[in-house]
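# prediction below, plus the sequence it came from.
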Amino acid sequence: MFLVDMTFTDPTLIPPEKTTAHRDYLAGEYAKGHLMFGGPKSPRTGGFILSAHRDQAELETMLQNDPLVLAGLARFEITAFKPVMAAQEFAGLLDDPKGHTVGI
């Protein structure tokens, strides 16, 4: 799994149509099962995304094609992590003993 920290270069310069394009683009990735959770930071300086991508290069390519990134309105940082603890309702997202992520 990966945690994406997206930061806006200047939130005051993002027109509503770019926000819509960004959300539509990400909705397609959620529909494909590549992304798990996401949402804006508070205050609105960017957002976080929890990704189920198995390959960081694929995630980077997806993010580089995000409309906000393409327009130079956002940048991102990716952190890989392996979840080992979860509340009961999210336990299915943990890796099994063989190292495979389950529940995604």
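In hand now; what should we look at? Numbering: from 1, shown residues only.
# which ones are touching the residue positioned nearest the centre of the chain?
Nearest to the centroid of the C-alpha atoms of the chain, with distances taken as CA atoms, centre = their mean, sits residue 49, at 2.8 Å. Residues counted as contacts of residue 49 (CB atoms under 8 Å, 6 or more residues apart in numbering) are 3-4, 6, 26, 35, 37-38. Using the backbone N, CA and C atoms, a C-beta is placed for each residue, glycine as well.
# now the residues you listed in JSON lines, with neighbour count?
Conversion of the contacts of residue 49 to JSON lines gives the following (neighbours: other CB atoms under 10 Å):
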{"residue": "3", "neighbour count": "14"}
{"residue": "4", "neighbour count": "22"}
{"residue": "6", "neighbour count": "23"}
{"residue": "26", "neighbour count": "21"}
{"residue": "35", "neighbour count": "21"}
{"residue": "37", "neighbour count": "11"}
{"residue": "38", "neighbour count": "16"}
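# in strands, which of those residues appear?
When strands are assigned by DSSP state E, the members of the contacts of residue 49 inside them are 3-4, 6, 35, 37-38.
# what are the buried residues along the lengthiest helix in the chain?
For the chain, the helix with the greatest residue count under DSSP state H is helix 16-31. When neighbours are counted by 16 or more other CB atoms under 10 Å, the buried residues of helix 16-31 are found to be 18, 21-22, 25-26, 29.
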